[in-house]
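In: How does the following fold in three dimensions:
(2 chains)
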Amino acid sequence: MSAPALEPQFGSRAQQDFARSFGMWVFLSSELLFFGPLLFGYLVLRLHEPLATGMASRHTDMLLGTVNTAVLLTSSLCMALAGHAAQGGERRRAARLLALTALLGAVFLAIKGHEWRQEFVEHLFPGAGFRPADATDARTVHGMELFFLLYFAATGLHALHLCIGIGACLWLVLALRQAPPRGPGNESVELAGLYWHFVDVVWIVLYPLLYLAARSGG
Amino acid sequence: MDKAIRPLVLTWLALLALLATTAGCALLRLGWLNTAISLAIALAKALLVAIVFMRLKRAPALLRLAAVTGAVMLALLFGLAMTDFATRAEPGAPWQQPATVAPRLGSGPG
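Out: Here you go, the predicted model:
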């Protein structure tokens, strides 16, 4: 099998691969800062309205959130195995594992969509119709509304990233059929994997903040 | 099992074990320890994914630096922003809807 084309600006294939990984890491670092304001907003809300945050957090579905976390962690394992297979030149095996990764991503989105539907039905979407069942005074309701504003913004932005990740997986499944230089090189699975794992890390951080805050009532 | 994929599978098992631990601990009444435990476990999981799945363990120094820069930058911005928010009794104005702010009439103490 021939290797992918060496672009003219690189001196060697190793340098080209390194530049691609480096570019991906720089992009992921800026992505982390993209999520930063949501995390900071959560920190400020939690410090100023701890009781309302806890009350609102107990409205989220912890069982589905935990199952979803396990689904996403498993998808990351599949992605890591796909990267390993591609590194060894087993492109067909890598494509199958990538398809499984995309499938698990879709399962995550389906469960998340079901949760969103539940929250819409319970009038937990911020706006004129926001009416939590255990609402007491106006200030608590307002704090809870801010929590759900952050909840929908953070999970929505995460779901958008996951959609892009699923798209990258599916594209690679199709593109890996063609041998380089027409098709992508084996290291492209590694790059898609970096993005996928980053999206996983974002969820790992969101899960305790959104689902576990004051879950026990303590 | 292939020797090279064993660390990947072991990491996955560790991640699931940490998930079960954090979910279980969240159901116990531990006060402030609830938050501390869940954040510590989230950090451990994120580091496992970054170091093993994202191959930072074997990455060149420049890649590790690029990975850490984002986190350091985020911590710096959190610290700088907290100098404002931590010294206030209320969240800043852009977060408040007009209906929630008491009207301020006259020149009395706000």
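
In: Now stretch A:79-94: average pLDDT?
Out: Across stretch A:79-94, pLDDT averages out at 94.

In: tell me how far that stretch is from the chain's mean position?
Out: 22 Å (Cα atoms, centre = their mean, to the nearest Å).

In: again, but for stretch B:19-27
Out: 17 Å.

In: Double-check A:Tyr151 against A:Thr60; I have them as touching.
Out: Yes. Assessed by Cβ atoms under 8 Å, A:Tyr151 is found in contact with A:Thr60 at 7.1 Å. Quick note: C-beta positions are derived from backbone N, CA and C, even for glycine.

In: When these two are compared, which one has more neighbours?
Out: A:Tyr151 (26 against 21; other Cβ atoms under 10 Å in any protein chain shown).

In: so what's in contact with A:Tyr151 and A:Thr60 at the same time?
Out: A:Leu210 (Cβ atoms under 8 Å, 6 or more residues apart in numbering or on different chains).

In: Low-confidence stretches in the chain?
Out: Using chain A here. Low-confidence segments of chain A, defined by pLDDT under 70: A:1-2, A:218.

In: I was thinking of chain B, sorry if that wasn't clear
Out: B:1, B:89-110.

In: and with 90 instead?
Out: B:1-4, B:31-32, B:58, B:84-110 (pLDDT under 90).

In: domain parsing for it?
Out: When chain B is parsed with automatic domain parsing, its domains come out as B:1-54, B:60-86.

In: can you put these in a markdown table and add distance to A:Ala102 and mean neighbour count?
Out: As requested, those are exported to a markdown table (distance: least, Cβ to Cβ, whole Å; neighbours: other Cβ atoms under 10 Å in any protein chain shown):
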| stretch | distance to A:Ala102 | mean neighbour count |
| --- | --- | --- |
| domain B:1-54 | 17 | 17 |
| domain B:60-86 | 25 | 14 |
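
In: For A:Gly88, find the nearest of those.
Out: Of all the domains of chain B, domain B:1-54 sits nearest to A:Gly88, with 8.3 Å by Cβ to Cβ.

In: Burial check on the closest residue to chain B within chain A, number of neighbours?
Out: In chain A, the residue that lies nearest chain B is A:Ser29 (2.9 Å; Cβ to the nearest Cβ). A:Ser29 is flanked by 21 other residues according to other Cβ under 10 Å.

In: Next up, identify which helix or strand it is on.
Out: helix A:13-48 (DSSP states H and E).

In: What helices and strands are in contact with that helix?
Out: The contact analysis (3 or more Cβ pairs under 8 Å, 6 or more residues apart in numbering or on different chains; DSSP states H and E) places helix A:13-48 against helix A:138-175, helix A:187-211, helix B:61-85.

In: didn't the residue of chain A closest to chain B look like it was pressed against B:Leu63?
Out: No. With contact defined as Cβ under 8 Å, A:Ser29 and B:Leu63 do not form a contacting pair (10.8 Å).

In: what about the residue nearest to A:Cys78 when sequence neighbours are not counted, which helix or strand?
Out: Using Cβ to Cβ, 6 or more residues apart in numbering or on different chains and skipping the chain neighbours, the partner closest in space to A:Cys78 is A:Thr101 (4.3 Å). Per DSSP H and E: A:Thr101 is located in helix A:91-121.

In: returning to that earlier point: so which bits of the helix holding A:Ser29 are buried?
Out: A:16-18, A:20-22, A:24-25, A:28-29, A:31-32, A:35-36, A:38-46, A:48 (16 or more other Cβ atoms under 10 Å in any protein chain shown).

In: and the angle for it with helix A:187-211?
Out: Angle of helix A:13-48 versus helix A:187-211, following axes from the mean of the first three to the mean of the last three Cα atoms, to 10 degrees, is 10 degrees.

In: now helix A:13-48, how far from the centre of its chain.
Out: Counting by Cα atoms, centre = their mean, helix A:13-48 comes out at 12 Å from the chain centroid.

In: Over to stretch A:147-157?
Out: 13 Å.

In: Convert it to CSV, retaining C-alpha atoms only.
Out: Provided in CSV are the C-alpha atoms of stretch A:147-157 (Å, rounded to 0.1, in the frame of the first residue of the first chain):
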residue,chain,number,x,y,z
PHE,A,147,-29.2,26.5,35.8
PHE,A,148,-31.4,25.1,33.0
LEU,A,149,-30.2,27.8,30.7
LEU,A,150,-26.7,26.6,31.3
TYR,A,151,-27.8,23.0,31.1
PHE,A,152,-29.4,23.3,27.7
ALA,A,153,-26.6,25.5,26.4
ALA,A,154,-23.8,23.1,27.6
THR,A,155,-25.5,19.9,26.6
GLY,A,156,-26.6,21.5,23.3
LEU,A,157,-23.1,22.6,22.4
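
In: Would you mind listing the outside residues contacting that stretch?
Out: Against stretch A:147-157 from outside (Cβ under 8 Å, 6+ apart): A:35, A:38, A:41-42, A:45, A:49, A:52-53, A:56-57, A:60, A:112, A:116, A:119, A:124-126, A:130, A:206, A:210.

In: Try it again at 7 Å.
Out: By Cβ atoms under 7 Å, 6 or more residues apart in numbering or on different chains, the list of residues contacting stretch A:147-157 from outside reads A:35, A:38, A:41-42, A:45, A:52-53, A:56-57, A:112, A:124-126, A:206, A:210.

In: I'm done for today, thanks for sticking with me.
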